[in-house]
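A.B. asks: below are the sequence and a predicted model for it; my questions follow.
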Amino acid sequence: MKENKLIEELKDTIHRFGLLAKGDRVVVALSGGPDSVALLYGLLAIQPEFDLKLYVAHLNHKLRGAESDEDERFAKKLAGRLKLKFFSKKIDVKGEAKRKKLGIEESAREIRYRYLENLAIQIKADKIAFGHQADDQAETFLMRLLRGAGGAGLSGIPPKRGKIIRPLIRIRREEIETFLKANQIPYRLDSSNYLTDYFRNKIRLSLLPKIKEEFNPKIVESLNRTADIISLLQEYIEKRCEQIVKHLGISRGSRQRRERKNKIILDLKQFAGYDTCLQREMIRFSIKQLKGDLNQLAFESVDRALNLIHRKKSGKKVKLVAKIWLEVSGKELAFYREEKKKYNYPLTLPGEVNLSAGQLSVDSNETQMRSIGKDWGIKINGEIHKGKLLSQNLIPQNQNTAFLDWEKLKKPFRLRSRRRGDRFKPLGMKGTKSLADFLIDAKVPRHLRDEVPILTSKGKIAWVVGYRISDEFKVNQKTKKVLKVTVSDS
């Protein structure tokens, strides 16, 4: 194969960024355009050296009618000629974009990545190879710069992200075209690439040529170099922020970050002591931990978060993106994913009950019960005591244990979440109090109030678990039998 320069550059990129390992199964995203075709032939050239198993995948976006169908036929024919297994799928991108209220480009990208990632799982592929090259990197950098991106955005297109690899990312478009021409390799041209309706096309067809002509003939190389520099800085900042978040994370009585799927709790005072640059990145890091990505996160949302943090007004909260909220609660800063789970479980007392379907757990460090994720559960143990125990001090040693007068209790027993209008008579009070007011006075953070379990006896609140029993069921000198209720991890 002629033009070994491209093959050598491709191999250099693979080695530099660790894109491939020997024996990898690779899905090649083949649109039919010059970049993806050059990528396919490039990987074929190094296939024996890396012992690669190659697959070809094509997504028909149905955006250009007959032209889109012809692209699919071309990709299928090419895969067949090269004796590679071919996968394809047709998706109405315009319809999807309309349903999700996204732009055509954004919707197409989301659908494409989802399709290829699912396919990789299905065929047990190790990598998904895309044909992004150096000119794409320059265009992406300018697009994001003009839209006001920060360090993460200006880092550009990464050579590797999870299973996704981009072996051509350091190779110029003109080198790719020279390679294809020298080897007489056919490819398709996307007519929509020449329409100025799309932002990227305007940059490719108008802005970059003007900059190249009037300011810097090596602008593509310059922008790639800048993206590389910013990428290294961003990588360092993100790693540093992850360390800081772990250090600032608190679990009452512990300096460790809570291992919770729906919350990250940080020390507010220490957080506020860091530079604004690191604060912004810690906010982004926390959101990504909870949401899985930073899609739809606006610059203004991070600004609102910073304003709330700097005011340090307890009880205030702000929505950041989707179901992710930030709340200032006393000396804590709580990032959490809103998950209002209502539950209502029957209990057999006395006896032992294990609840896992409710996703509940007790944190012994916090002496409070929390709803925290699919991998947790609680064990509730109820024992009847009489005689000798009654002469002892019945004050519980921790708030995960309650002593109740058995003869005052009535079946059925249930463990449930709080409800609007709940009232009870907290131990030591003469009158009743709304549960909502009780939790506020107990300084339970707003984001935890729906998660405090309530033990009821024939509909009446007997115990706000982890906080206070009802005075109505307290043990006194006339008590003959005591129900000792203990909660613990299951």
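C.D. replies: In hand now; what should we look at?

A.B. asks: packing partners for the helix ranked longest in the chain?
C.D. replies: In the chain, with assignment by DSSP state H, the single longest helix is helix 219-248. Packing partners of helix 219-248 (3 or more C-beta pairs under 8 Å, 6 or more residues apart in numbering; DSSP states H and E): helix 134-146, helix 151-154, helix 208-214, strand 263-267, helix 276-291. C-betas here are computed from N, CA, C, even on glycine.

A.B. asks: what about the stretch 151-300 of the chain, any weak spots by pLDDT?
C.D. replies: By pLDDT under 70, the low-scoring segments of the stretch 151-300 of the chain are 250-261.

A.B. asks: how distant is stretch 275-286 from the center of its chain?
C.D. replies: 16 Å (C-alpha atoms, centre = their mean, to the nearest Å).

A.B. asks: ditto for stretch 419-430
C.D. replies: Worked out by C-alpha atoms, centre = their mean, stretch 419-430 lies 39 Å from the chain centre.

A.B. asks: Throw the helices and strands packed on helix 219-248 into JSON lines and include mean neighbour count and distance to Leu355, thanks.
C.D. replies: Converted to JSON lines, the helices and strands packed on helix 219-248 look like this (neighbours: other C-beta atoms under 10 Å; distance: least, C-beta to C-beta, whole Å):
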{"stretch": "helix 134-146", "mean neighbour count": "20", "distance to Leu355": "48"}
{"stretch": "helix 151-154", "mean neighbour count": "18", "distance to Leu355": "41"}
{"stretch": "helix 208-214", "mean neighbour count": "13", "distance to Leu355": "61"}
{"stretch": "strand 263-267", "mean neighbour count": "22", "distance to Leu355": "20"}
{"stretch": "helix 276-291", "mean neighbour count": "20", "distance to Leu355": "24"}
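
A.B. asks: now render those as TSV, adding distance to Leu82.
C.D. replies: Putting the helices and strands packed on helix 219-248 into TSV (distance: least, C-beta to C-beta, whole Å) gives the following:
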stretch	distance to Leu82
helix 134-146	24
helix 151-154	37
helix 208-214	33
strand 263-267	48
helix 276-291	39
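
A.B. asks: of all these, which one is nearest Leu223?
C.D. replies: helix 134-146 (4.1 Å; C-beta to C-beta).

A.B. asks: got the CA positions of that closest one in PDB?
C.D. replies: Extracted C-alpha coordinates of helix 134-146, given in PDB (Å, rounded to 0.1, in the frame of the first residue of the first chain):
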ATOM      1  CA  ALA A 134      -6.700  17.000  12.900                       C
ATOM      2  CA  ASP A 135      -8.900  19.400  10.800                       C
ATOM      3  CA  ASP A 136     -11.900  18.100  12.700                       C
ATOM      4  CA  GLN A 137     -10.000  18.900  15.900                       C
ATOM      5  CA  ALA A 138      -9.300  22.500  14.800                       C
ATOM      6  CA  GLU A 139     -12.900  23.000  13.700                       C
ATOM      7  CA  THR A 140     -14.200  21.700  17.100                       C
ATOM      8  CA  PHE A 141     -11.800  24.000  19.000                       C
ATOM      9  CA  LEU A 142     -13.100  27.100  17.100                       C
ATOM     10  CA  MET A 143     -16.700  26.000  17.500                       C
ATOM     11  CA  ARG A 144     -16.400  25.700  21.200                       C
ATOM     12  CA  LEU A 145     -14.300  28.800  21.600                       C
ATOM     13  CA  LEU A 146     -16.900  30.900  19.800                       C
END
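
A.B. asks: pLDDT on that helix, on average?
C.D. replies: Helix 134-146 carries an average pLDDT of 96.

A.B. asks: could you list every helix and strand in contact with it?
C.D. replies: Partner elements for helix 134-146 (3+ C-beta pairs under 8 Å, 6+ apart): helix 151-154, helix 199-202, helix 208-214, helix 219-248.

A.B. asks: between that helix and helix 219-248, how many degrees?
C.D. replies: Angle of helix 134-146 versus helix 219-248, following axes from the mean of the first three to the mean of the last three C-alpha atoms, to 10 degrees, is 60 degrees.

A.B. asks: tell me how far helix 134-146 lies from the chain's centre.
C.D. replies: For helix 134-146, the distance to the chain centre is 25 Å (C-alpha atoms, centre = their mean).

A.B. asks: which residues touch that helix?
C.D. replies: Residues outside helix 134-146 that contact it (C-beta atoms under 8 Å, 6 or more residues apart in numbering): 35, 153-154, 156-157, 168-173, 199-200, 203-204, 207-208, 219-221, 223-224, 226-227.

A.B. asks: select only the buried ones of the residues you listed in ChimeraX?
C.D. replies: To isolate the buried members of these in ChimeraX, using 16 or more other C-beta atoms under 10 Å:
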select :35,153,154,156,157,168,169,170,171,172,173,203,204,208,219,220,223,224,226,227
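
A.B. asks: pLDDT weak spots in the stretch 351-490 of the chain?
C.D. replies: Ranges of the stretch 351-490 of the chain meeting pLDDT under 70: 356-377, 387-398, 489-490.

A.B. asks: so which residues of it form strands?
C.D. replies: 351-355, 360-363, 368-371, 378-386, 401-405, 413-416, 423-424, 433-434, 454-457, 460-464, 468-469, 481-489 (DSSP state E, counting those that start in this stretch).

A.B. asks: of those strands, which is nearest Tyr343?
C.D. replies: strand 413-416 (6.2 Å).

A.B. asks: against which helices or strands is that closest one packed?
C.D. replies: By 3+ C-beta pairs under 8 Å, 6+ apart, strand 413-416 packs against strand 344-347, strand 454-457.

A.B. asks: okay, and the beta partners of Lys386?
C.D. replies: Lys481 (DSSP bridges).

A.B. asks: tell me the contacts of it?
C.D. replies: Lys386 neighbours (C-beta under 8 Å, 6+ apart): 480-482.

A.B. asks: His310: how many residues sit nearby?
C.D. replies: His310 is flanked by 12 other residues according to other C-beta atoms under 10 Å.

A.B. asks: kindly report the same for Lys246.
C.D. replies: 12.

A.B. asks: gap between it and Lys288?
C.D. replies: 14 Å (C-beta to C-beta, to the nearest Å).

A.B. asks: mind listing what the closest residue in space to Leu349 that isn't next to it in sequence touches?
C.D. replies: Nearest non-adjacent residue to Leu349, counting by C-beta to C-beta, 6 or more residues apart in numbering: Gly382, 3.7 Å away. By C-beta under 8 Å, 6+ apart, the residues touching Gly382 are 347, 349-352, 483-486.

A.B. asks: redo that, cut-off 10 Å
C.D. replies: Listed by C-beta atoms under 10 Å, 6 or more residues apart in numbering, the contact set of Gly382 reads 347-353, 402, 404, 406, 409, 413, 455, 483-486.

A.B. asks: nearest to Val56, of the contacts of Lys386?
C.D. replies: Val482 (72.1 Å).

A.B. asks: need the contact list for the closest residue to the closest one other than its chain neighbours.
C.D. replies: Distances taken as C-beta to C-beta, 6+ apart put His385 closest to Val482, at 4.7 Å, once the chain neighbours are dropped. For His385, the contact set (C-beta under 10 Å, 6+ apart) comprises 350, 392, 394, 403, 406, 475, 481-484.
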